[in-house]
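Novice: I need the structure of the sequence given here:
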Amino acid sequence: MRKIVIAPDSFKGSVAAREVADSAERAVREVFPACEVVKIPLGDGGEGTMDALLAALGGERVSCRVRDPLSRPLWADYAILEDGRTAIVEMARASGLPLLAPAERDPSQATTYGTGELIRDALERGCRRFLLAIGGSATNDGGTGLLRALGYRFLDGRGEELEPCGAALARIAVVDRSGVSPALREASFTVACDVDNPLYGERGAAEVFARQKGADDAMVRMLDAGLRNYARVIERATGTRVDELPGAGAAGGLGAGLVAFLGAELKPGIQMVLEATRFDERIQGADLIITGEGKLDRQTCMGKAPWGVSRAATRQGIPVIALGGSVEDTPLLNQRGFLAVLPILPAPVSLERAMDKDFTLQNIQRTVEQALRILDFKFKI
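Specialist: Next up is the predicted model:
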């Protein structure tokens, strides 16, 4: 092989995209030592998106004290680009699922308030253009927490303020904007989504994603009902219909809140990152692309990073192998263009073991090396 591109997303909660790429490169060097290797760590609106954009565009990290999804104090960072006016905010750093232990996960109580605090800090530092990555959330609050941190208040039918969380969505009757930060009038928001789901219903935020955030079936129904009420409140307050808006259900309905109240533009996260990294240009002439993420399944084809990689590679006739911590829906993924989708686990192990960083990196290297040995044998015969 002459050129292999390694373009993974992170394995959520385990290893960063850059670390995945480094591990895969070691495997390439074992089998094809003279091969050109191009590493392009990616993000699709979730974990790792800020790192990918910062590497492509340049800038600096800023840390501030915010609230985590359960309102506990947390130091979180965001990035300010070299122009001093553009901030990259990755919500997972303040409101992400990996911040909570499995027993703590509860999307009815989790809030996006901390993400709003990151935005507020950037506003105070003079930023007026925001690139938001909203994947990997622990929340289902429709963005009410984020908006509360920026001065919005959500009231019930008696005029009493509600806590900005999923459990309160069904009770919202009025939106009070009297305390909204004036700086928001000058700000623009581009939002990188890693899914295109609507706000509620069979493919909505609660039904598709809330269980992985800790919800049982009863809570899913409650959250979905709350999102339906939230959509009606949004339309009354802003005149904006978010019911079927693609991406409105991203991050537990945060997509809807950002569009309705901040005038945000929703874009596929992987599209934003691929453009910023000049992906189409950098993969030219490649013999193979290796990508991956923590879990490969039918949701991968809803705008996740490996799907964006596959589509870009298909346009140039380059085969793609995808790695996953777990793999489901293999026939569908093969039909959608992947040459192969490979699980990295060598045997059944505990979740704790499967998420161990060193174990994951060893498995990535081993899996890539074995796949390339097959390709090397094919070339020799």
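
Novice: any idea how far apart the tips of stretch 190-203 sit?
Specialist: With C-alpha to C-alpha, to the nearest Å as the measure, the ends of stretch 190-203 fall 23 Å from one another.

Novice: from here on, count from 548
Specialist: New numbering, starting at 548: the last item is stretch 737-750.

Novice: could I get the buried residue list for stretch 704-714?
Specialist: Residues of stretch 704-714 classed as buried by neighbour count (16 or more other C-beta atoms under 10 Å): 709-714. In this view, the C-beta of every residue, glycine as well, is placed from N, C-alpha and C.

Novice: restricting to C-alpha, output that stretch in PDB.
Specialist: C-alpha atoms of stretch 704-714 as PDB (Å, rounded to 0.1, in the frame of the first residue of the first chain):
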ATOM      1  CA  GLY A 704     -49.000  28.600  34.400                       C
ATOM      2  CA  ARG A 705     -48.900  30.500  37.700                       C
ATOM      3  CA  GLY A 706     -45.800  32.500  36.800                       C
ATOM      4  CA  GLU A 707     -43.400  30.600  38.900                       C
ATOM      5  CA  GLU A 708     -40.000  29.800  37.600                       C
ATOM      6  CA  LEU A 709     -39.200  26.200  36.800                       C
ATOM      7  CA  GLU A 710     -35.900  24.300  37.200                       C
ATOM      8  CA  PRO A 711     -34.300  24.000  33.700                       C
ATOM      9  CA  CYS A 712     -34.500  20.200  33.300                       C
ATOM     10  CA  GLY A 713     -36.400  17.500  31.400                       C
ATOM     11  CA  ALA A 714     -38.900  16.900  34.100                       C
END
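
Novice: can you tell me what sits against that stretch?
Specialist: 654-660, 686-689, 691-692, 694-695, 700-703, 715, 718-721, 769-770, 773, 799 (C-beta atoms under 8 Å, 6 or more residues apart in numbering).

Novice: in strands only, show me the residues you listed.
Specialist: Using DSSP state E, the subset of the contacts of stretch 704-714 located in strands is 700-702, 721.

Novice: which of these has the most neighbours?
Specialist: Phe701 (25 neighbours; other C-beta atoms under 10 Å).

Novice: state the distance from that one to Ala797.
Specialist: 20 Å (C-beta to C-beta, to the nearest Å).

Novice: Val567: neighbour count?
Specialist: Val567, neighbours per other C-beta under 10 Å, totals 33.

Novice: does the residue nearest in space to the middle of the chain count as helix, strand or coil?
Specialist: Central residue of the chain (C-alpha atoms, centre = their mean): Gly593, 1.7 Å from the mean position. Using DSSP: H, G, I helix; E, B strand; the rest coil as the criterion, the local structure at Gly593 reads coil.

Novice: what pLDDT does the residue lying closest to it once chain neighbours are set aside get?
Specialist: Excluding the flanking residues, the one nearest Gly593 by C-beta to C-beta, 6 or more residues apart in numbering is Gly682, at 2.6 Å. Looking at Gly682, its pLDDT is 87.

Novice: and the host helix or strand of Glu754, what does it pack against?
Specialist: Assigning secondary structure by DSSP states H and E places Glu754 in helix 752-756. Here helix 752-756 touches helix 764-785, helix 797-809, going by 3 or more C-beta pairs under 8 Å, 6 or more residues apart in numbering; DSSP states H and E.

Novice: give me the distance between Ala730 and Leu679.
Specialist: From Ala730 to Leu679 the distance is 16 Å (C-beta to C-beta).

Novice: neighbour count winner among these two?
Specialist: The residue with more neighbours, out of Ala730 and Leu679, is Leu679; 30 against 17, by other C-beta under 10 Å.

Novice: what about the strands in this protein?
Specialist: Assigned by DSSP E, the chain shows strands spanning 550-553, 583-586, 606-614, 620-628, 633-637, 676-680, 700-702, 721-723, 735-740, 812-815, 835-843, 867-874, 887-890.

Novice: for the third one, give the mean pLDDT please.
Specialist: Here strand 606-614 scores 97 as its mean pLDDT.

Novice: hmm, who's touching that strand?
Specialist: With C-beta under 8 Å, 6+ apart as the criterion, strand 606-614 contacts 601, 620-629, 633, 635, 641, 658, 660-662, 664-665, 668-669, 672.

Novice: thinking again about what came up before, please identify the deepest-packed of the helices and strands packed on helix 752-756.
Specialist: Highest mean neighbour count among those (mean count of other C-beta atoms under 10 Å): helix 797-809, with a mean of 29.

Novice: that helix to strand 676-680, inter-axis angle?
Specialist: Counting by axes from the mean of the first three to the mean of the last three C-alpha atoms, to 10 degrees, helix 797-809 lies at 160 degrees to strand 676-680.

Novice: centre of the chain versus helix 797-809, how much separation?
Specialist: Between the centre of helix 797-809 and the centre of its chain there are 14 Å (C-alpha atoms, centre = their mean, to the nearest Å).

Novice: which helices and strands sit right next to that helix?
Specialist: Taking 3+ C-beta pairs under 8 Å, 6+ apart as the contact cut, helix 797-809 packs with helix 691-696, strand 735-740, helix 752-756, helix 764-785, strand 812-815.
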